[in-house]
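K.L.:
Sharing a model that was predicted from the sequence below.
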Amino acid sequence: QVQLVESGGGLVQAGDSLRLSCAASGRTFSSLTMGWFRQAPGKEREFVAGIGRDVGATQYADSVKGRSTISKDNAESKLYLQMSSLKPEDTAVYYCAADDSAWVNMRSVRAFDYWGQGTQVTVSS
């Protein structure tokens, strides 16, 4: 089992920056593929960014590419998502996800077995 706890959400204004954190436990963190997903009211959960196990190759959704950076600290077992130039359409509950499979399609919700409880990000215009 992997336990994930997100933090760092809040109410911000358009153009602001925000850093989300996810603390993981229960597995060797470097062996996990990690991802950030978000879900807005009435919409399906969608991929935001992912980072692979070990060397940590990254992927981003087009909607956040250039405005967001995913990173991880293996020593601290923490995952981060730094977001800048936030837009009202970034408003959603943001979820941290993890999987310990050998290969993970990090863009797929179904690929991840472990999820955090989510943290709300609200961007006002």
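P.N.:
Perfect, thanks for sending it. Numbering: from 1, shown residues only.

K.L.:
now Asp100: how far from Arg53?
P.N.:
From Asp100 over to Arg53 the distance is 8 Å, taken as C-beta to C-beta, to the nearest Å. From N, CA and C alone the C-beta is placed, and that goes for glycine too.

K.L.:
so what sits against both of these two?
P.N.:
Applying C-beta atoms under 8 Å, 6 or more residues apart in numbering, one finds that Asp100 and Arg53 are jointly contacted by Ser31, Leu32, Thr33.

K.L.:
For the first one, grab the count of nearby residues.
P.N.:
A total of 13 residues lie near Ser31 under the criterion other C-beta atoms under 10 Å.

K.L.:
Need the per-residue pLDDT for it.
P.N.:
What the model reports as pLDDT for Ser31 is 92.

K.L.:
which residues sit in contact with it?
P.N.:
Here Ser31 is in contact with Arg53, Asp54, Asp100 (C-beta under 8 Å, 6+ apart).

K.L.:
before we move on, what about the second one?
P.N.:
By C-beta under 8 Å, 6+ apart, the residues touching Leu32 are Val2, Ala24, Arg53, Ala98, Asp99, Asp100.

K.L.:
Tell me, how many residues neighbour the nearest residue to it once chain neighbours are set aside?
P.N.:
Spatially, and ignoring its direct neighbours in sequence, Leu32 is nearest to Ala98 (4.7 Å; C-beta to C-beta, 6 or more residues apart in numbering). Counted with other C-beta under 10 Å, residues neighbouring Ala98 total 25.

K.L.:
out of Asp100 and Arg53, which sits in the busier spot?
P.N.:
Remark: of Asp100 and Arg53, Arg53 carries more neighbours, 22 against 16, as counted by other C-beta under 10 Å.

K.L.:
quick revisit: and the contacts of Ser31, which is the shakiest by pLDDT?
P.N.:
Ranking those by pLDDT, Asp54 lands last with 77.

K.L.:
What about the closest residue to that residue other than its chain neighbours, how many residues nearby?
P.N.:
Distances taken as C-beta to C-beta, 6+ apart place Ser30 nearest to Asp54, at 6.1 Å, with adjacent residues excluded. Using other C-beta under 10 Å, Ser30 has 13 neighbouring residues.
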